[in-house]
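Trainee: how does the following fold in three dimensions:
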Amino acid sequence: MIGARREAPDWAVAAGLSAALHLAALGFALSHPALRVLAPEPAAEAAPLEITAITVDPAAAPAEPLRTVAAPAGEVIAAATTAPLPAPASLAVPAGSTRVPASDPADLPLKPIPEVLRPLNAPAAIAAAPAATAPPPLAPAPQAEAPPPDPRLLELVDRIRGRLTDPCLLALPQIRDGALDLAIIADDDRAITPLMDSLTQGLGGTGIGRNAALLDARQCPAVGFARRDPRYPVFGLGLSLDSQAVASGQALRGRITNGEGYDTTLLLIDDNGVVHDLRPFLRQSAGSVAFDAPVARDGAARETQLLLVALAAPRRPAAIAAHAGELAGPFFDALFAEIGQDALIGVASVYLR
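Mentor: As a prediction, this is how the structure comes out:
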């Protein structure tokens, strides 16, 4: 129709109404903040803990010195004070006690300051120190002089060395319990008594003890071996027996002396002429060698005696082990061929009942 009013489209009307409503709601929310819905802020992720050693560089120090911050005008900063702590009950001063005022440090007596020790110059101090005087050496204790030998013994030794020519005869002088004794060992009993009389004639024979020992002829090689010793009739080893007679089945006991530092052996030559090595029965005892050997006789008793020869050498002769148990002839021939006159020997005899 001409002159009639044009109508707006429907969608335009709807859009306008929607915008008007949103604007009205926004204005209401702004005018009422308590009604605003706040969304929670997202939590920040925790950073890991790192420990780093920081070295201060002196060159990095600020060139400009720090200034003291001045207090504002009219404001007074009071010095920090610490209130005294109350004394414990255990330290409280009891009633009626008098407090003693602390002394003035100036009134206290001065104590001497200890001297400071300085390190010692050891070489110089030692050089400057006077040399210690060693005490004079003690004089050795006077030793009792040995009694002079019996002059009869010296004369008897000279007579034995000048008169004995029989190879199977030994004359052994010795001092026993302060008395002079003479022992004759031989394979012929008929020669023993005349020889004793001849050797002791003019020496006061009534005061000289006599001992005779009869040997078997098969023991004579041992006597000849002993006679080759240049010390005869005074041998280098001492050979003493606890008893001059031993019952069959009992022990032969005694001691060997003067063989310190040498290999010591004890040989027994029985009255059959067989040589026995008694080394297993020896033992060291107080600077000497003791022996304790069981002995027994197989058969009837005899008048002859057993002969003992002690031997001390720098080393044990091989001939002893090689020829032990043999007759005296080959045994002592081999022994003398090995050691000659280099060994110390001692001789004794014992009667086996």
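
Trainee: wouldn't Thr264 be in contact with Val309 here?
Mentor: No - the pair Thr264 / Val309 is not scored as a contact, 11.6 Å apart, by CB atoms under 8 Å. Glycine gets a C-beta too; all of them are placed from N, C-alpha and C.

Trainee: C-terminal to the host helix or strand of Ala310, what's the next element?
Mentor: Of the helices and strands defined by DSSP states H and E, Ala310 is found in strand 306-313. Following strand 306-313 in sequence order, the next helix or strand is helix 318-323 (DSSP H and E).

Trainee: quick one: contacts of that next one?
Mentor: 265, 267, 275, 277, 279, 311, 330-331, 334-335, 337-339 (CB atoms under 8 Å, 6 or more residues apart in numbering).

Trainee: just the strands in the chain please.
Mentor: Remark: strands assigned in the chain by DSSP state E are 169-176, 179-186, 209-214, 238-241, 245-246, 251-257, 263-269, 275-277, 282-285, 288-294, 306-313, 344-352.

Trainee: winner for burial among these?
Mentor: strand 306-313 (a mean of 24; mean count of other CB atoms under 10 Å).

Trainee: that one pairs with which strands, parallel or anti?
Mentor: strand 263-269 (antiparallel), strand 344-352 (antiparallel) (DSSP bridges).

Trainee: closest to Gly325 out of the strands of the chain?
Mentor: strand 275-277 (7.0 Å; CB to CB).

Trainee: same for the closest one, what does it pack against?
Mentor: For strand 275-277, the packing partners by 3 or more CB pairs under 8 Å, 6 or more residues apart in numbering; DSSP states H and E come out as strand 263-269, helix 318-323, helix 328-339.

Trainee: right, and the strands paired with strand 306-313 - which one's nearest Glu326?
Mentor: strand 263-269 (10.9 Å).

Trainee: export that closest one to PDB, keeping only CA atoms.
Mentor: The C-alpha trace of strand 263-269 is given here as PDB (Å, rounded to 0.1, in the frame of the first residue of the first chain):
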ATOM      1  CA  ASP A 263     130.000 -82.000  69.500                       C
ATOM      2  CA  THR A 264     130.300 -84.500  72.300                       C
ATOM      3  CA  THR A 265     130.100 -88.300  72.000                       C
ATOM      4  CA  LEU A 266     130.500 -91.000  74.600                       C
ATOM      5  CA  LEU A 267     131.800 -94.500  73.500                       C
ATOM      6  CA  LEU A 268     131.500 -97.600  75.600                       C
ATOM      7  CA  ILE A 269     133.900-100.500  74.700                       C
END
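
Trainee: between that strand and strand 251-257, how many degrees?
Mentor: Comparing the axes of strand 263-269 and strand 251-257 via axes from the mean of the first three to the mean of the last three CA atoms, to 10 degrees yields an angle of 140 degrees.

Trainee: residues contacting the nearest residue to Leu180 once chain neighbours are set aside?
Mentor: Spatial nearest neighbour of Leu180, chain neighbours left out: Ile208 (5.0 Å); criterion: CB to CB, 6 or more residues apart in numbering. Taking CB under 8 Å, 6+ apart, we find Ile208 in contact with Arg152, Leu156, Leu180, Asp181, Leu182, Thr200.

Trainee: and what of Arg302?
Mentor: Here Arg302 is in contact with Asp271 (CB under 8 Å, 6+ apart).

Trainee: just name the shakiest helix or strand of this structure by mean pLDDT.
Mentor: helix 122-128 (a mean of 49; mean pLDDT, DSSP states H and E).

Trainee: so where's the stretch 1-150 of the chain uncertain?
Mentor: Residues of the stretch 1-150 of the chain that meet the criterion pLDDT under 70 lie in 1-18, 20-149.
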